[in-house]
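J.: Could you work out the structure for the sequence below:
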Amino acid sequence: MGVGRFVGEREGRAFHELSKEANSRSKKVKRRQKKSASAAAAVQKVYETCKVVFASARTGAVPPADDVERLRSVLDTMKPEDVGLSPGMQYFKAGKDGQRPKITYLHLHECSKFSMGIFCLPPKAVIPLHNHPGMTVFSKLLFGTMHIKSYDWVDDVRCAKVSDGTPPTDPEQPAEIHSTEFEAEECAKMKAEKLNEVQVAENGVEKPGEVRLAKIKVDADFTAPCNTSILYPSEGGNLHCFTAVTACAVLDVLGPPYSDPEERHCTYYLEHPFANFSADGATVAEAERESLAWLEDGGDPEELSVVGAMYRGPKITE
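T.: You can find the predicted model right below:
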């Protein structure tokens, strides 16, 4: 009788432990499922909000202020795990000494109204100074520290001459673009090519070798979590440069996206000190000169290397 009771108690304890273990596993599975569902909901919400905000997107048109704030608030809540990223992934590993840091672009969505994508930058990687003609752009730093330098054009001052006699810089040869993973090749590589092509406006405003005056809007480090930055067609730092202080990832939303047929070309620029050029008939106060620079169409930067890769985060339902 005593032995039977002992055996029964032992079996009861074993069953209890098994039940606890099974219950623990079940809870972990449910937490993972809940986390996965939450991430999917987050990126889906960005997409759905973009559809509303950019429903009437066209070159030079800025969405209503309420819509801008709506999309900003959604992006402000985004975290790396919402798009399947973590700092330890291969995208963010520093290369060997002397190697050019490779930037990875993950394509999420693109249509005629807007595009969504993620730039993954290893330490010291640079996206050179470039423009966003007629576009409204939201950039959300998901993790890491990034230095952002941005400019807006000064439209009422033109360049008269090059003061040191240096001829305009010839465009560089196109950078080599690599594509990884067959399924992502078309979308991601196309985006990478857009970022690297030499583009010249056909309306005569910008030509190879011409310089224009611009004023610094932002020149600072940003560390996640931080607010979403927004630039507009003619203000807010429409021309910007990203430098990875640490490994970092930035979610970019462009409305409308780059489009060659609609003359929204991606143009890269070289920076020249204000003193290198003469302003045509304009007087600029000494105190303002530190915040000014002449920007020259520099063609395709040879140091830029963009790799297209498959986005493996939560899928977007279109």
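
J.: okay, CA-based contacts and neighbour counts for the rest of this
T.: Noted.

J.: Okay, now the unreliable bits of the stretch 101-250 of the chain?
T.: Within the stretch 101-250 of the chain, the ranges that satisfy pLDDT under 70 run 157-158, 160-209.

J.: Strands along that one, start to end?
T.: Ranges of strands in the stretch 101-250 of the chain, per DSSP state E, counting those that start in this stretch, are 103-110, 115-121, 126-130, 136-143, 145-162, 178-179, 211-223, 229-231, 239-244, 248-255.

J.: Columns mean neighbour count on top of these, output as CSV?
T.: Shown next, in CSV, are the strands of the stretch 101-250 of the chain (neighbours: other CA atoms under 10 Å):
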stretch, mean neighbour count
strand 103-110, 23
strand 115-121, 23
strand 126-130, 21
strand 136-143, 25
strand 145-162, 18
strand 178-179, 18
strand 211-223, 18
strand 229-231, 18
strand 239-244, 22
strand 248-255, 25
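
J.: residues in contact with residue 315?
T.: Neighbouring residues of residue 315 by CA atoms under 8 Å, 6 or more residues apart in numbering: 40, 44.

J.: try residue 135
T.: Taking CA under 8 Å, 6+ apart, we find residue 135 in contact with 59, 60, 61, 62, 232, 233, 254, 255, 256, 257.

J.: Double-check that the second one belongs to a helix.
T.: Going back to what we said before, that points to residue 60. No: membership of residue 60 in a helix is not supported by DSSP: H, G, I helix; E, B strand; the rest coil, which gives coil.

J.: let's number from 745 now, not from 1
T.: Yes, from this point I'll number from 745; that puts the last item at residue 804.

J.: What residues does it make contact with?
T.: 877, 878, 879, 977.

J.: out of these, who has the most neighbours?
T.: residue 879 (25 neighbours; other CA atoms under 10 Å).

J.: Distance-wise, check that residue relative to residue 1037.
T.: Distance, residue 879 to residue 1037, by CA to CA, to the nearest Å: 22 Å.

J.: Now do the helices in this structure.
T.: 746-797, 809-820, 929-940 (DSSP state H).

J.: among those helices, which gets the worst mean confidence?
T.: Between those, the lowest average pLDDT goes to helix 929-940, which shows a mean of 54.

J.: does residue 1036 really touch residue 1018, like I thought?
T.: Yes: shown here, residue 1036 and residue 1018 form a contact pair, counting by CA atoms under 8 Å, at 6.0 Å.

J.: In terms of packing, which of the two has more residues around it?
T.: The neighbour count for residue 1036 versus residue 1018, taken as other CA under 10 Å, is higher for residue 1036 (22 against 19).

J.: contacting residues for the more buried one?
T.: In this structure, residue 1036 makes contact with 957, 958, 959, 960, 1017, 1018, judged by CA under 8 Å, 6+ apart.

J.: Distance check, the closest residue to the second one other than its chain neighbours against residue 1043.
T.: Counting by CA to CA, 6 or more residues apart in numbering, residue 958 lies nearest to residue 897, which is 4.3 Å off, once chain neighbours are set aside. Distance from residue 897 to residue 1043, counting by CA to CA: 18 Å.

J.: ok, so what distance separates the nearest residue to residue 851 once chain neighbours are set aside from residue 884?
T.: Leaving aside its sequence neighbours, residue 851 sits nearest to residue 861 (CA to CA, 6+ apart; 4.7 Å). Using CA to CA, we find residue 861 at a distance of 11 Å from residue 884.
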